[in-house]
Structure formats: structure tokens, C-alpha cells
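S.K.: Compute the structure for the input listed below.
(chains A and B)
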Amino acid sequence: MRNGGRARLLLVILIVTSLFLITLDLRGVKVISGFKQGSQTIMSPFQRAGSAVFSPVKNFFSDVTHLGRTQNQIKKLEAENANLKQKLINRKVADAQLNQLKSILDLAGTAGYKVVNAKVISQGSGQSFAQTITIDSGSNAGIKKNMTVLSQYGIAGVVKDVYPNSALIQLASDPSFRIGARIAGTQQIGILSGRGSRSASLQLLDNSTTVAEGDVLLARGSIADRPFVPGVPIGYVTGVDNSAGAVAQTATVRYYTNFSTLGVVAVVLSGSGSNPGDALVPAKPRVTPIPTVTVFVTPSPTPTK
Amino acid sequence: MFTRQISISAPIFILIYIIQESVISQFRLPGGGFSILMIFALTWAVLSEFEVAAVIGFSAGFLMDLSQSAAGPFGQWTLIMLLAGYAISYIGYGDDNVHANAIGIVFFVVVANLLVEIAYIASGALLGVSVGSFGEVLLTLFGMSLWALLVSPILLPIFTRLHAMIFDSRSAL
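M.R.: Alright, predicted model coming up:
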């Protein structure tokens, strides 16, 4: 009985402590954010190490599962082969990151953005239903909260939290992500919301305007370029909801960025000062004509019996 | 006694938290993946008495709140895991079908894992945390439960042995 009473008392104390923590956080008390910052400062070297160790392994998993079943000689050869493959994959990873980086710099260069490049060192855990990544640059590189993050194709997300040597990025696919968007060409505006996947939903603000499949969306930009610089490509419209009675048209949008393959990103430190307009709209893929061959068959003059 | 157990457990919790954040988080696993810290805490909670289970849940939740990927306010995971730890221990208390049976523990952990995530969504809705569309959430819940079902039996012997070493209980499977 005494034990039961003690357990209940402990439970009550812990519940009150939890509620106290929630209240402090919701009121924006800095002690709580200090806890998180301290934890992230401690964790970032571990995450860097984890990224360095597992970056090639996670891509290589499917290739090495068949190793270790045969005799010693074969094992040795397979190990050598695996080693070479791993080196090749490391090279491919580096090449892929280089390509991503080149494209990001092209994008940022065209718009005249000042950017800091960073490597993705951790993917957010799915347990909280949040879509986040951690990058290896932070406030020491000039990154601040609420800065635009670019991938090679366009918007990747926004800086949510900054630590000295790392930063937490809220991906554009996060359900709580919102961005003001405009349709390239027509200049109609709307609000785009993440859905937890590569598709997002667009709500137009004006009920007299319309949107069509294939329309390209660009970021409208924010005051002082934070959180969003103007002109960044977001995605394209894949479906339009024309249900009768709706206040304004809504549409489904597919992001240009593939969030599951992000290896390198760029954080926009400052915009170009002028709106790049539609200059960053990605070029439409050119259709290569396929040659066709026409065969003429002349019927034989002698009839078959 | 209680203080000694907690001081020995603390480094284990921190180690598992580091593994979760620096290793498991490197892989974007399909279906939302799994939380090794949550599985660990729930397994220990099944094997422990009420007050110990409550402290285990509280500690694990606190660490989960420290994670960068925690979307809700600080303390949300602490509260949920605390209640889950206490509840799971309360329900399984004195039931040898649970304590002495690996399948029973795995079942408890998987179901608790699912209920904890549902509680997180429900409390998140009250606190203004967006979790995505209904379909996505269902898919993630299903994926997480499947991962927990796959991972729990593998980790169970390690976690129960650690628990037996520290708490000197009868539950090493």
C-alpha cells in the first residue's frame, strides 16, 4: 500500500514536471531552447561521424548482402570486389554531390543569391511525423533562422533551428510547411502547403483566377528575403480541383526537389536585391524525335493456290 | 537502491539516444522507420515496476524531446512516454504470461509503440502540431508498427539482459 502510494506520488510529480516543460516551451522560455541547443551541439560530431561511416554503406546495402556464403577464395575475391565497388560507389556519391552542387550554384548564380553550401548529415526521424534534415553548417558559417534552403532543382525547405556547426532544416514536404507562391507567367498568387510527401497543395487566394496543369510555381518572396527569397522554383501543377462551390481553386503540386535524395543543399544568406522574376523557371525537357521507318510491301503478281 | 539503478541506467539511455540520432537517423527507412529508444524504453517498462517504469518513460521521453526531429513542444514526448511507461507496467504487472514470455513482451511493445504514436498525434492535434494527411499518417503508423515488430525480437534479448543486470529482476529471456 505504501509502495502504491509512493508510485502514485512519483507519477503525479513527473506528470506535473512534463506539463511544466510543455508550458515553458509554449511560452518561449529560453531555458528549454538552451537544452535543445546544448544537446544538438553535443550530437552534431556524432552525426557527422555517423554520416561519414554510413553514407556509402546505406547505398551499398543491397550489393553486399550476397557476400559471405561461399568458400574462402571466393570470399576473398568478393571482398576485394566489394571493396572496389565501395570505392566506386564512394566516387559515384562524390560525383552525384558534385553535380548537385554545380546545379545549386547555377541556380543561385542565375538569381544572384549569396549562398552557403552544406552537406546533409542526418535525416530526421519519422517518429514525430516531421520532415527535417540536419546540415553540417550553422551560425559559424553565417546561417540564421528562417533562411531559404535550395536544392539543385529549387526550394528544399527553410532553416528551422541553428546551432554553431549545424542547422535543422524543415523540408518543404513537412506538413506544417507553408510558402507564398505565384504562378510563373500569369502572376496569380496562392499559398502552398506541404503534405508529408513530394506532392503539396496549392490554395489560390483570388477566386476569379484559374490554374492549369503544368503551370510552374515560384516563391513569391518575403519581406527582407526571409524566410523566402523571391523567384525560387517550387514545383509544377499536376492536378486541379474544380469542385463547385469552392471559395477559391485548389491544386495539387509536385515539388521539383526529390527530398529523399538530398545530399547537398545551399542556404541563401541574402537575395540579389532585385526580383529575378521568371528567370529561374526550369527549361522544359526537349522531346527527341524518334525516327520512324515505313515499309511498303508490293503484293506478288502470281496468286497463291 | 533506486538512485543506484538510475545512475547506472542513465549512460545506457544516453548511448541508445546517440545510436538513434547518429546511426538510425542516417537511413530514411520506408514507412517512417523505428525508434530504438522507444522500443528500449517500452521493453524496460514492461519488465519494471510502476515507479521505475514511470521514470524510464519520463527519461526516454525527455531524450526524445531533445531530438531535433521532435516537432511538438518540449515535454510532449516526456508526458506521453511517462504515461505509456506507467500504463504498460500497470497492465502487465504480475502477469507471468507477459514477463516470462518473449512473444508477450514483443506484443506489448508493438501495441504500446502504436498507441504511443496515436497519443502523440492526438495530443499534437491539441497543441497545434501538423502531422500530414490522414492517409500518410495511417501509412506511417502501419510502417512503424511493422518495423517495431521486426526489430523488437532482435533487440529483446539484449534489452532484457541489460534490465536483469541493473534491476536484478527475473526477466532475462
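S.K.: ok but residue A:193 is inside a strand, no?
M.R.: Yes: counting by DSSP: H, G, I helix; E, B strand; the rest coil, residue A:193 is found in a strand.
S.K.: neighbours of it, just the number please.
M.R.: Neighbours of residue A:193 under the rule other Cβ atoms under 10 Å in any protein chain shown: 19. Glycine gets a C-beta too; all of them are placed from N, C-alpha and C.
S.K.: what about the residue most central in space within chain A, distance to residue A:296?
M.R.: Centroid check for chain A by Cα atoms, centre = their mean gives residue A:259 as the closest residue, at 3.5 Å. Look at residue A:259 and residue A:296: by Cβ to Cβ, to the nearest Å, they are 52 Å apart.
S.K.: Show me the helices in chain B, by range?
M.R.: B:2-22, B:36-47, B:50-66, B:76-92, B:96-99, B:102-127, B:134-167 (DSSP state H).
S.K.: quick one, which of those helices is packed in tightest?
M.R.: A comparison of the helices of chain B by mean neighbour count, using mean count of other Cβ atoms under 10 Å in any protein chain shown, puts helix B:36-47 on top with a mean of 27.
S.K.: which SS state does the residue in the stretch 151-300 of chain A that chain B sits nearest to fall under?
M.R.: Per Cβ to the nearest Cβ, residue A:196 is where the stretch 151-300 of chain A lies closest to chain B, at 3.1 Å. At residue A:196, secondary structure determined by three-state DSSP is coil.
S.K.: related to what we said a few turns ago, can you list the helices of chain B in a markdown table and add mean pLDDT and distance to chain A?
M.R.: Output for the helices of chain B, formatted as a markdown table (pLDDT from 0 to 100; distance: least, Cβ to the nearest Cβ, whole Å):
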| stretch | mean pLDDT | distance to chain A |
| --- | --- | --- |
| helix B:2-22 | 86 | 4 |
| helix B:36-47 | 92 | 7 |
| helix B:50-66 | 91 | 4 |
| helix B:76-92 | 91 | 4 |
| helix B:96-99 | 69 | 18 |
| helix B:102-127 | 90 | 7 |
| helix B:134-167 | 89 | 4 |
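S.K.: Reformat these into CSV and put distance to residue A:22 next to each item.
M.R.: Below are the helices of chain B laid out as CSV (distance: least, Cβ to Cβ, whole Å):
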stretch, distance to residue A:22
helix B:2-22, 20
helix B:36-47, 19
helix B:50-66, 9
helix B:76-92, 6
helix B:96-99, 31
helix B:102-127, 8
helix B:134-167, 22
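S.K.: out of these, nearest to residue A:170?
M.R.: For those, the distance to residue A:170 is smallest for helix B:102-127, at 15.6 Å, taking Cβ to Cβ.
S.K.: on contacts alone, who are the packing partners of the closest one?
M.R.: In terms of contact count using 3 or more Cβ pairs under 8 Å, 6 or more residues apart in numbering or on different chains; DSSP states H and E, helix B:102-127 is assigned the packing partners helix B:36-47, helix B:76-92, helix B:96-99, helix B:134-167.
S.K.: which residues of chain A score low on pLDDT?
M.R.: In the predicted model of chain A, residues A:1-4, A:55-72, A:244, A:279, A:284-288, A:302-305 satisfy pLDDT under 70.
S.K.: how about the helices in it?
M.R.: Ranges of helices in chain A, per DSSP H, are A:2-26, A:30-64, A:72-111.
S.K.: Could I get the buried residue list for the second one?
M.R.: Going back to what we said before, that points to helix A:30-64. Neighbour-count burial for helix A:30-64 flags A:32, A:35-36, A:39-40, A:43-44, A:46-48, A:50-51, A:54-56, A:60 (criterion: 16 or more other Cβ atoms under 10 Å in any protein chain shown).
S.K.: which among the residues you listed are in contact with chain B?
M.R.: When contact is defined as Cβ under 8 Å from any Cβ of the partner chain, the buried residues of helix A:30-64 meet chain B at A:32, A:35, A:36, A:39, A:40, A:43, A:46, A:47, A:50, A:51, A:54, A:55.
S.K.: Could you double-check that residue B:9 sits in contact with residue B:166?
M.R.: Yes: using Cβ atoms under 8 Å, residue B:9 makes contact with residue B:166 at a distance of 5.9 Å.
S.K.: The closest residue to residue A:123 other than its chain neighbours - how many residues pack around it?
M.R.: In space, and not counting its chain neighbours, residue A:123 is closest to residue B:28: 4.6 Å by Cβ to Cβ, 6 or more residues apart in numbering or on different chains. Number of residues near residue B:28 (other Cβ under 10 Å) recorded here: 18.
S.K.: From what I see, residue B:28 and residue A:258 are in contact.
M.R.: No: with contact defined as Cβ under 8 Å, residue B:28 does not count as touching residue A:258 (11.6 Å).
S.K.: check contacts around residue 21.
M.R.: Using chain A here. Neighbouring residues of residue A:21 by Cβ atoms under 8 Å, 6 or more residues apart in numbering or on different chains: A:32, B:65, B:74, B:75, B:78.
S.K.: um, chain B though
M.R.: Contacts of residue B:21 by Cβ under 8 Å, 6+ apart are A:43, A:46, A:47, A:122, A:125, B:67, B:68.
S.K.: again with residue B:67
M.R.: For residue B:67, the contacting residues are A:125, A:128, B:17, B:20, B:21, by Cβ under 8 Å, 6+ apart.
S.K.: distance of it from residue A:38?
M.R.: Taken as Cβ to Cβ, the span from residue B:67 to residue A:38 is 13 Å.
S.K.: Give me the common contacts of the two.
M.R.: With the criterion set as Cβ under 8 Å, 6+ apart, the contacts of residue B:67 and residue A:38 do not overlap.
S.K.: Against residue A:183, how distant is residue A:219?
M.R.: 12 Å.
S.K.: To clarify, my last question referred to residue A:11.
M.R.: Residue A:11 is 55 Å from residue A:183, where distance means Cβ to Cβ.
S.K.: ditto for residue A:213
M.R.: For residue A:213 relative to residue A:183 (Cβ to Cβ), the value is 12 Å.
S.K.: right, and the helices of chain B - which one's nearest residue A:191?
M.R.: By Cβ to Cβ (comparing all of those), the closest turns out to be helix B:134-167, at 19.5 Å.
S.K.: which other helices and strands contact that closest one?
M.R.: Helix B:134-167 sits against helix B:2-22, helix B:36-47, helix B:102-127, with contacts defined as 3+ Cβ pairs under 8 Å, 6+ apart.
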